[in-house]
Every structure is written in structure tokens, then in C-alpha cells.
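Student: here is a sequence with its predicted model. Questions after.
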Amino acid sequence: VKNLLLVLLLGLAVPALAQSPEAKLAQLGLVLPPVAAASGSYVDVVRVGNLLFLSGKGPRQPNGAYVTGRLGADLTTAQGYEAARLTALVQLAVLKKELGDLSKVRRIVKVNGYVNSTDTFTEQPKVINGYSDLLIQVFGERGRHARTALGTNSLPLGMALEVEMVVEVE
Amino acid sequence: VKNLLLVLLLGLAVPALAQSPEAKLAQLGLVLPPVAAASGSYVDVVRVGNLLFLSGKGPRQPNGAYVTGRLGADLTTAQGYEAARLTALVQLAVLKKELGDLSKVRRIVKVNGYVNSTDTFTEQPKVINGYSDLLIQVFGERGRHARTALGTNSLPLGMALEVEMVVEVE
Amino acid sequence: VKNLLLVLLLGLAVPALAQSPEAKLAQLGLVLPPVAAASGSYVDVVRVGNLLFLSGKGPRQPNGAYVTGRLGADLTTAQGYEAARLTALVQLAVLKKELGDLSKVRRIVKVNGYVNSTDTFTEQPKVINGYSDLLIQVFGERGRHARTALGTNSLPLGMALEVEMVVEVE
């Protein structure tokens, strides 16, 4: 009976352990990119109380180049979704650098996604889902956030999108 | 003298009671719309401490259709004002669902309003006033908020505007 | 020996005293503008706990007129930088009015800068640096903030840019 109980407990405990955000990233085959040196004029993140305010970041590829172009002309919604997923990885790298351990994330609070758009492109939510979905994959329920997605006619360096967020930590 | 005092006290107390946000809405002849089912990728509101962060919402009409179009071309400023007022009702419905009782709102802290605009439309504040004014009508002094109003060249589904906010609650 | 110690201590203390934000502004030859009367529909700042949420403001000149126009067409990046610096002065005036003493600022937490841009202008960060750099000059390390800079096709009154921020205070 003792052994059965142990097996049952392990059966409950192991999946929970496997769900550390870092383990989840590894399971998805994802590697966090290096965090680029911050500009002299601002920083990547500021903590106030148990809230982190993260600077806006774009879809920086592993080679350092950004995904550029406008949705509705240069990029499809599916390409935008992938770029948003890439941007989430960039912000996860910022969080990892700040916290050391992604398990310290208590809740993704708010995400604002700005999509480089032609005047007639209206699928910004489908693009930013690439960002939101990865956060939920990595953090589970703690990854569910409030969100605003909107279009803009121009972004720094011609980036396809830019995303900022507020995160609650332990 | 006792009765006079009672009358005076009631005279002070009754208007205060009548000013519950729900009573104020009824007095204005306004009905909160149903809250549309949230997307799988994000939620309508996240609470952290005594702050609520609300997702961006648009001018959803009682029939479920959005007011669409661009200010400066398809809609007048007055029509934009009405659409902003409609958006405030949507967010009030989100607050009501979250809190049960709108009296739990201690302060509307911050409102960000994004207006679907032609390149030459510059009356975004007059449009977003439709949102702000309704909050002040419903919450009184507690409804006075900090605000940013700006234009954008494209919004999800072609909505005329989108508004998000931060609210302090008890 | 006592006198030497006193001189050393003064040598340490005087620069620290000289670094009050107000002294720093004077040293830079900058004067805070009067704060324009707030609109009826919103307020310049709302405090919640030890956070201040400031409304979006634009580059209001000492004569009351705004710097207007679009980056990429009507204004150079250098002119945009100066307009952003002017906007920082406007927000510092709001902070001064709210706090009485700028030394009560514990940290500039988050800055969002929206730049009136043509579709092809991509130097929004260089423009908003005018805002960020002044905050760092005035507040030192406490002025280093998280930030988002992006373009927009239209702003209220045709302003060249609009900036809002979140500030932690004592």
C-alpha cells in the first residue's frame, strides 16, 4: 500500500515538476536568445513592488536581424504569428535574465502588441496570438493575460511588430 | 428639532445612495451588454493587488456588430463620440462581471484610447471624451482618470476605436 | 584632522545636494512651463499606492503652441528629439505640481512615446531619446526607465509626438 501511495504521489508530482517554464521551453525545442545590450537611454525592465514593466521588443531572429515589413503587404498573418512568437522568446529571455528563474513569474498581467499594418489590415489579434499562445504554453494558467492588439503605420527599424508587457512576480 | 435633523440627514444621505454606479446607469437609461466569450489566447481582465488591467475593447453594439470605419472619412467626430460611449458600456460590463458590484471601483486610474483615423484627423480627444464622460457620469469623482488618446491607421476587425484601462478596486 | 574630515565630508555632500532634480534643471538652464488647465474629461495624473499614472502630453512650447507635423516629412529626427525634450519638460511640470518636490520621485518606471510618422519613418527611438535623456539628466539612475517607442499616423492637434509615463514615488 505504501508503494502504491508513493507511485500515485510521484504520478502527481512529476508532471508538476516537468511544467517548470524552462522545462516547458526545452520540451517545445525552444532556446532563449541572448539579450541584446540595452540602449543608453532606457532599460529592458523596471521592477516596482512585485510588478515588472518590460520595454517594447520586436521579432529579433537568432542571427540578430529583425523580421521587418508590414502586415497586409509584405507579410502574411501566418508569418506575423511566427514573428510574434519570436518576440515572446525575446521577452522571455529578458525575464530569465532579470529573474534567474522563470518560475518566479506569478502572472503575466498585461500584453500590448503593436502590429506594423497597412491601412486595410485588420487581423492584428491573430498576429499577436503568436505571442500570447507561447506565454500560455510556457506558463500555463499563469500565462493568461489581459491584452490590447492594434495596428500602427510605422515601427522602429521597420519591425513587423512590437510587444511590451507587465508581469507579476514573487 | 429631532425630525428636522432627520430630514436634513436623509437629504444628505439619499442622493449619496442614489449615486451607486448601477443606479446611475439606470437613471441614464443604459443597460450593460452581455460580455462576449473571451478568446482562447487572452482574458478580459487580470487582477494584481488592488489593480485591474482590462483588455482593449471596441464599440460592440447590442446586436453584436462593431461600429467600424475611420474617423476623418467614414465617421464624424460626433459618431466617434457615440462609439466611444458604447465602448465604455462594454468595459463597464466587464467590470460588473468581474466585481459583481460596480461600487467596488475605487478609482478609474488610466484610460488609453486608440482611434481609427485618417492621416489628417486630429480630434481623437473629442472622440475618446465619449468614453471618459460616461465614466465620470457613472462614477463621479472616482471616474476621473489619467488618459492618452491617439490615432492609429488600423484596428482589429476595422473597429472605429479601441480602449483599454487600469482600475483601482477595494 | 577634524577640519580635513569636515572638508572631505562637505566634498561628498555638496555634489549630492546639487543633484536635486530642481537644481539639475537650473544647472541645465531649463525652466518648467506652467501646467495647462486640465480638460473636463480627464486629469493630468492619478495616484494609486506609490504609483503615478500620467496622461499623454505633447511638445507644448513656452508660448502655448504645440510642435506639430510628421516625422519623415515635416520634421527631421533632430527636430523630433528637441520636441521630445520639450515634452519631458511638460511632464516634469506635471510631476512638480503633483509632488511639490521632484526629489519625491523614486523611479521613472515606464515611458510610452508615440511619434507622428510617415509610413516610412523608422527612427522613433532616436526621437523619444530626447524625452528619455532629459529624465536621466534630471534624475540620474532613478530616471532610467523601461520604454516603448512607436509610430502613429495621426495625433491630437497634429502634435509631432505624445508621451505618457508611470512613475514610482515615495
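Tutor: Sure, I can see it. Residues are numbered from 1 along each chain as shown, chains lettered A, B, ... in the order given.

Student: who does the biggest helix by length in chain A touch, helix- and strand-wise?
Tutor: Among all segments of chain A classified by DSSP state H, the helix with the greatest residue count is helix A:77-99. Counting contacts by 3 or more C-beta pairs under 8 Å, 6 or more residues apart in numbering or on different chains; DSSP states H and E, helix A:77-99 packs against helix A:21-27, strand A:45-48, strand A:51-57, strand A:105-116, helix A:124-139, strand A:161-169. For every residue, glycine as well, the C-beta is placed using N, CA and C.

Student: need those in a markdown table with mean neighbour count and mean pLDDT, can you?
Tutor: A markdown table is the format used below for the helices and strands packed on helix A:77-99 (neighbours: other C-beta atoms under 10 Å in any protein chain shown; pLDDT from 0 to 100):
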| stretch | mean neighbour count | mean pLDDT |
| --- | --- | --- |
| helix A:21-27 | 16 | 96 |
| strand A:45-48 | 19 | 98 |
| strand A:51-57 | 24 | 98 |
| strand A:105-116 | 25 | 98 |
| helix A:124-139 | 24 | 98 |
| strand A:161-169 | 25 | 98 |
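
Student: who wins for proximity to chain C among the ones you listed?
Tutor: Chain C sits nearest to strand A:51-57 of all the helices and strands packed on helix A:77-99, at 3.3 Å, using C-beta to the nearest C-beta.

Student: middle-most residue in chain A, spatially?
Tutor: Central residue of chain A (C-alpha atoms, centre = their mean): residue A:88, 2.5 Å from the mean position.

Student: which residues touch it?
Tutor: Neighbour list for residue A:88: A:130, A:131, A:134, A:135, A:163 [criterion: C-beta atoms under 8 Å, 6 or more residues apart in numbering or on different chains].

Student: next, the angle strand A:161-169 makes with the longest helix of chain A.
Tutor: With axes from the mean of the first three to the mean of the last three C-alpha atoms, to 10 degrees defining the directions, helix A:77-99 sits at 40 degrees from strand A:161-169.

Student: buried set for helix A:77-99?
Tutor: Neighbour counts over helix A:77-99 (16 or more other C-beta atoms under 10 Å in any protein chain shown) mark A:77, A:79-96, A:98-99 as buried.

Student: tell me the mean pLDDT over it?
Tutor: Averaged across helix A:77-99, pLDDT comes to 98.

Student: alpha carbons of it, in CSV - could you do that?
Tutor: C-alpha atoms of helix A:77-99 as CSV (Å, rounded to 0.1, in the frame of the first residue of the first chain):
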residue,chain,number,x,y,z
THR,A,77,-0.9,36.7,-41.0
ALA,A,78,0.8,33.4,-40.5
GLN,A,79,4.3,35.0,-40.9
GLY,A,80,3.2,37.6,-38.4
TYR,A,81,2.1,34.9,-35.9
GLU,A,82,5.6,33.4,-36.2
ALA,A,83,7.2,36.8,-35.7
ALA,A,84,5.1,37.4,-32.6
ARG,A,85,6.2,34.0,-31.2
LEU,A,86,9.8,35.1,-31.8
THR,A,87,9.1,38.3,-29.9
ALA,A,88,7.8,36.3,-27.0
LEU,A,89,11.1,34.4,-26.9
VAL,A,90,12.9,37.7,-26.7
GLN,A,91,10.8,38.9,-23.8
LEU,A,92,11.2,35.5,-22.0
ALA,A,93,14.9,36.0,-22.3
VAL,A,94,14.6,39.4,-20.7
LEU,A,95,12.5,37.8,-17.9
LYS,A,96,15.0,35.0,-17.4
LYS,A,97,17.9,37.5,-17.2
GLU,A,98,16.0,39.6,-14.7
LEU,A,99,14.7,36.8,-12.5
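
Student: give the contact list for residue A:129.
Tutor: Here residue A:129 is in contact with A:81, A:84, B:39, B:41 (criterion: C-beta under 8 Å, 6+ apart).
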